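Student: Sequence and predicted structure, then a few things I'm wondering about:
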Amino acid sequence: MADYQSVQALHKATPAFAPAIPVSLLPYLAFALLAATFVLAFYFSTLPKEKIPLREASVAGTASLLAGFGVVALFCSVGVYV
């Protein structure tokens, strides 16, 4: 039981969580990331087809990362903290 008491005291002594990005900036960040995703998706659809699709893969990967972070920022901006 002594271990539980020490962990509980340590938990109560730690500071509250403070996000690195202010919550008030999340809607703007989400909009910018998702807008960049749609721009890159349009650019991806206009790329000429090549035998080795390195440029296509890099554009698609970048768009995918931006979309992932944009969706998380959008969810957090409306109060669904994932």
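Tutor: Looks like it came in fine.
Student: which SS class is the residue most central in space within the chain?
Tutor: Central residue of the chain (C-alpha atoms, centre = their mean): F69, 2.1 Å from the mean position. Using DSSP: H, G, I helix; E, B strand; the rest coil, the structure places F69 in helix.
Student: my guess is it contacts A32, does it?
Tutor: No: judged on C-beta atoms under 8 Å, F69 makes no contact with A32 at a distance of 10.2 Å. Just so you know, the C-beta spots here come from the backbone N, C-alpha and C atoms, and that holds for glycine as well.
Student: just to revisit the earlier point, per-residue confidence at the residue nearest to the centre of the chain?
Tutor: Model confidence at F69, given as pLDDT, is 97.
Student: Chain neighbours aside, what residue packs nearest to it?
Tutor: Of all residues not flanking F69 in the chain, L33 sits nearest, at 5.5 Å (C-beta to C-beta, 6 or more residues apart in numbering).
Student: Rounded mean pLDDT for the helix or strand hosting A30, please.
Tutor: Assigning secondary structure by DSSP states H and E places A30 in helix 26-46. Helix 26-46 comes out with an average pLDDT of 94.
Student: Show me what that helix is in contact with.
Tutor: By C-beta atoms under 8 Å, 6 or more residues apart in numbering, the residues outside helix 26-46 that reach it are 21, 56, 59-60, 62-63, 66-67, 69-71, 73-74, 76-77.
Student: So which bits of it are buried?
Tutor: L26, L29, A30, L33, L34, T37, L40, F44 (16 or more other C-beta atoms under 10 Å).
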